[in-house]
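K.L.:
Give me a model of this one.
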Amino acid sequence: MNSTLKYRHELKFFVNQHQYQIISTRLRNLVSRDEHASSSGEYHIRSLYFDDINNKALHEKLGGIRDRVKYRIRIYNIEDTTIHFEKKIKFRDYIAKVKEPLTREMTDEIMVGRFEGLNIPDKPLLMELYHEMKHNLLRPKVIVDYVREPYVCHHGNVRITFDKELRSGRHSTELFNKNLDPVRAIDENLIIMEVKYDEYIPEYIKAALQLEGLNRQSASKYVMCRKFLKYNSWEDY
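P.N.:
Numbers count the residues shown, from 1 in each chain. Now for the predicted structure:
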């Protein structure tokens, strides 16, 4: 484990609409809304995930490899005011994230396969991405699109999110397309609940979530969207 990174626990669950209504109602009376959420309590996330010529990230996840990384560009509310290239690191039961801001111009270049702009020696993550794209042919694979309802609890630094309407889009150049019509990649009755925390979850949060009775799942949104495209004959692994 890299001691310079901040690792956190991450638990994922599928919840149905009924479970979501019960848990979210409880949380509203116990914890705060995320400050970045709109008046509706939500915001929109769209990520462009990358993989190399061998689809390493996909196959490692499907093969149950515990220690692995994923690369993605992430935007919010389909705007170009905040763009990050992120590296998500999985180590045993912990996760960490490293990110670097991108300009819209840099992002547009990357989406069409021009990555020389990442060759910035004093930006380690961008240099890593540059070498991955140059030597391992790291390239955009799928757009992952959803609406997030986030809650935060300062005790234990717990973050609980409900990710709704998971959708998949294939064409990387449409990352900023507000008229993009991605296709649903999950049953419309299911919502992904994620619980992230540092050292512990307070007992009153555990009681509200009732995690023991939920359907724990391990499939990443990236894998779900890639598999959805394959099963619908749009893509070959």
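K.L.:
where's the longest strand belonging to the chain relative to the chain centroid, distance-wise?
P.N.:
Secondary structure of the chain per DSSP state E: the longest strand is strand 139-153. Relative to its chain's centre, strand 139-153 lies at 5 Å (C-alpha atoms, centre = their mean, to the nearest Å).
K.L.:
So in that sheet, which strands flank that strand, and in what orientation?
P.N.:
According to DSSP bridges, strand 139-153 forms sheet pairs with strand 32-33 (antiparallel), strand 43-51 (antiparallel), strand 158-169 (antiparallel).
K.L.:
buried stuff in stretch 177-190?
P.N.:
By 16 or more other C-beta atoms under 10 Å, the buried positions in stretch 177-190 come out as 182, 185-186, 190. Using the backbone N, CA and C atoms, a C-beta is placed for each residue, glycine as well.
K.L.:
Might one say that Tyr94 is in contact with Arg8?
P.N.:
Yes - with contact defined as C-beta atoms under 8 Å, Tyr94 counts as touching Arg8 (6.5 Å).
K.L.:
Tell me which helix or strand comes right after the helix or strand hosting Ile89.
P.N.:
Using DSSP states H and E, Ile89 falls within strand 83-91. Going down the chain from strand 83-91, the next helix or strand is strand 94-101, by DSSP H and E.
K.L.:
Packing partners of that following strand?
P.N.:
Helices and strands touching strand 94-101, as assessed by 3 or more C-beta pairs under 8 Å, 6 or more residues apart in numbering; DSSP states H and E, comprise strand 8-16, strand 83-91, helix 124-135.
K.L.:
Which among the ones you listed is found nearest to Glu199?
P.N.:
The minimum distance between Glu199 and those falls on strand 8-16, with 8.3 Å, by C-beta to C-beta.
K.L.:
circling back to that earlier point, quick check: angle from the longest strand of the chain to helix 124-135?
P.N.:
150 degrees (axes from the mean of the first three to the mean of the last three C-alpha atoms, to 10 degrees).
K.L.:
May I have strand 139-153 as CSV, with CA atoms only?
P.N.:
Only the C-alpha atoms of strand 139-153 are listed here, as CSV (Å, rounded to 0.1, in the frame of the first residue of the first chain):
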residue,chain,number,x,y,z
ARG,A,139,-7.9,4.5,-25.0
PRO,A,140,-11.5,5.6,-24.2
LYS,A,141,-13.9,2.7,-24.0
VAL,A,142,-17.2,3.7,-22.6
ILE,A,143,-19.2,6.6,-21.2
VAL,A,144,-20.8,5.9,-17.8
ASP,A,145,-23.7,8.2,-17.0
TYR,A,146,-25.9,8.5,-13.8
VAL,A,147,-27.5,10.8,-11.3
ARG,A,148,-26.1,10.8,-7.7
GLU,A,149,-27.8,11.7,-4.5
PRO,A,150,-25.1,12.2,-1.9
TYR,A,151,-25.0,12.4,1.9
VAL,A,152,-22.1,13.1,4.3
CYS,A,153,-21.5,12.3,8.0
